[in-house]
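Asker: got a structure for you, letters missing:
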């Protein structure tokens with residue numbers, strides 16, 4: 001599946017734009033794992049390495065990492081740069097799910 005196919009899903013897709021050298025990105029990883037456990041299949045969570053996927057990062061004007069973007073049916077519903085809490089992300093997925 002391509003990135004475009006994934007974000008055009010009928011259910012919410014949370015995309016974590018990150019980089020291997022980014023400290024806050026490493027801190028975000030266990031938060032996303034926890035979120036995945038809590039939401040099950042209500043939404044998809046994917047990670048996109050901005051250094052390996054420069055086109056996707058450029059297409060969504062990702063200038064700092066981590067940047068989280070919530071998509072549904074190809075539309076951007078929410079975005080934030082920096083670390084987000086499990087509770088906040090869970091609420092967003094419920095709201096847009």
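Answerer: Yes, it's here. Please read all numbers here as calculations on a predicted model, not as lab measurements. Residues are numbered from 1 along each chain as shown.

Asker: center of this protein - which residue?
Answerer: residue 15 (2.0 Å; CA atoms, centre = their mean).

Asker: pLDDT value on the residue located most distally from the centre of the chain, please?
Answerer: No residue in the chain sits farther from the centre than residue 21, which is 17.7 Å out by CA atoms, centre = their mean. Per-residue confidence (pLDDT) for residue 21: 97.

Asker: wait, isn't residue 14 in contact with residue 68?
Answerer: Yes. The pair residue 14 / residue 68 is scored as a contact, 6.3 Å apart, by CB atoms under 8 Å. Yep, even glycine has a C-beta here, placed from its N, CA and C like the rest.

Asker: list residues touching both of those two?
Answerer: residue 89 (CB atoms under 8 Å, 6 or more residues apart in numbering).

Asker: Tell me which residues of the longest helix belonging to the chain come out buried.
Answerer: Counting residues, the longest helix in the chain under DSSP state H turns out to be helix 23-39. The neighbour-count check on helix 23-39 (16 or more other CB atoms under 10 Å) flags 25, 28, 31, 32, 35, 39 as buried.
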